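**Q** No sequence on hand, only this structure:
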């Protein structure tokens, strides 16, 4: 069965609501959670997640909130931290890795940490029993793909187009999927622009999908109550999980 990963911006809502949402998402078929670390310049993210980042920061987001939430989330579902390298570096990479491990976090998803720099931190990941999720993109050469994925673990994050999250721009992925599969047996998940309309097409040939903007957009809807937000997001998750496994 193909997997569904859900992204949620940490600190956008209070902890109790976020945990209720995570529990409901798991019950709806979500397999993993990405907790996004709010950052002032999320270069890989589109306007929806960028807005969520800004709101969370305006609400006074602190890393301690992430740590507290993760310790509880990780007891419910496999939990990953998604954030930009500065958020990890400013705290001290070794220190934040130790905290992540103590909180039960499975690994990090850092879109602006290239392979060459990630290799420098490999001993820290190993010592903390954390997974560093590797990215591949349609612009990568076959040689680059081999270098990125041959030592991958957990899952590989396939960026489905050149751009930012949520834009939904279509890109042919057959060739890059073929190249990844040639060099690695690690599950390959596709992200960027995945929603109810695009999920079936994007899931072709891969092992799972990652959904972020579609869920966060609901969280940003001030016209919905908290209960309505959870109901709408979990409804989307159920539909997407069904679609990708048809």
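**A** Cool, the structure landed. Please read all numbers here as calculations on a predicted model, not as lab measurements.
**Q** C-terminal to the longest strand belonging to the chain, what's the next element?
**A** Longest strand of the chain, by residue count under DSSP state E: strand 3-9. The element immediately downstream of strand 3-9 (helix or strand, assigned by DSSP states H and E) is helix 15-27.
**Q** Figure out how far that next one is from the centre of its chain.
**A** Mean-position distance between helix 15-27 and its chain equals 16 Å (CA atoms, centre = their mean, to the nearest Å).
**Q** and the angle from the helix or strand following that helix to strand 3-9?
**A** Sequence-wise, the next helix or strand downstream of helix 15-27 (DSSP H and E) is strand 32-36. On the basis of axes from the mean of the first three to the mean of the last three CA atoms, to 10 degrees, strand 32-36 is oriented at 20 degrees to strand 3-9.
**Q** For the spatially most central residue of the chain, give me its contacts.
**A** Geometric centre of the chain, nearest residue: residue 34, 4.2 Å, by CA atoms, centre = their mean. Contact partners of residue 34, counting by CB atoms under 8 Å, 6 or more residues apart in numbering, are 5-8, 80-82, 109, 210, 212. Yep, even glycine has a C-beta here, placed from its N, CA and C like the rest.
**Q** Please enumerate the helices of this protein.
**A** 15-27, 47-58, 63-73, 85-89, 93-102, 115-120, 122-127, 142-149, 174-183, 199-202, 213-219, 226-244 (DSSP state H).
**Q** Pull out the buried residues from the longest one.
**A** Residues 229-230, 232-234, 236-238, 240-241, 243-244 are the ones in helix 226-244 that count as buried (16 or more other CB atoms under 10 Å).
**Q** try the third one
**A** Of the residues in helix 63-73, those with enough neighbours to count as buried (16+ other CB under 10 Å) are 63, 65-67, 69-70, 72-73.
**Q** Can you pull out the residues in contact with it?
**A** Contacts of helix 63-73 (CB under 8 Å, 6+ apart): 10-11, 15, 18-19, 22, 33, 35, 37, 79, 81, 87, 91, 96, 99-100, 102-105.
**Q** gap between residue 109 and residue 189?
**A** 10 Å (CB to CB, to the nearest Å).
**Q** for residue 221, same thing?
**A** Distance from residue 221 to residue 189, by CB to CB: 26 Å.
**Q** Of the contacts of residue 34, just say which sits nearest to residue 119.
**A** residue 109 (16.6 Å; CB to CB).
**Q** how deep is the closest one tucked in, by neighbour count?
**A** Neighbourhood size, residue 109 [other CB atoms under 10 Å]: 25.
**Q** For it, which non-adjacent residue is spatially closest?
**A** Of all residues not flanking residue 109 in the chain, residue 82 sits nearest, at 4.1 Å (CB to CB, 6 or more residues apart in numbering).
**Q** Give me the pLDDT for that neighbour.
**A** Listed pLDDT for residue 82 reads 96.
**Q** low-confidence ranges in this protein?
**A** Low-confidence segments of the chain (pLDDT under 70): 42-45, 161-171.
**Q** Look up which residues are beta-bridged to the residue nearest to residue 109.
**A** Listed beta-bridge partners, residue 82: residue 36, residue 109 (assigned using DSSP bridges).
**Q** Please report how far it lies from residue 30.
**A** 15 Å.
**Q** Looking only at neighbour counts, state which of those two leads.
**A** Just comparing residue 82 and residue 30: by other CB under 10 Å the higher neighbour count belongs to residue 82, 29 against 24.
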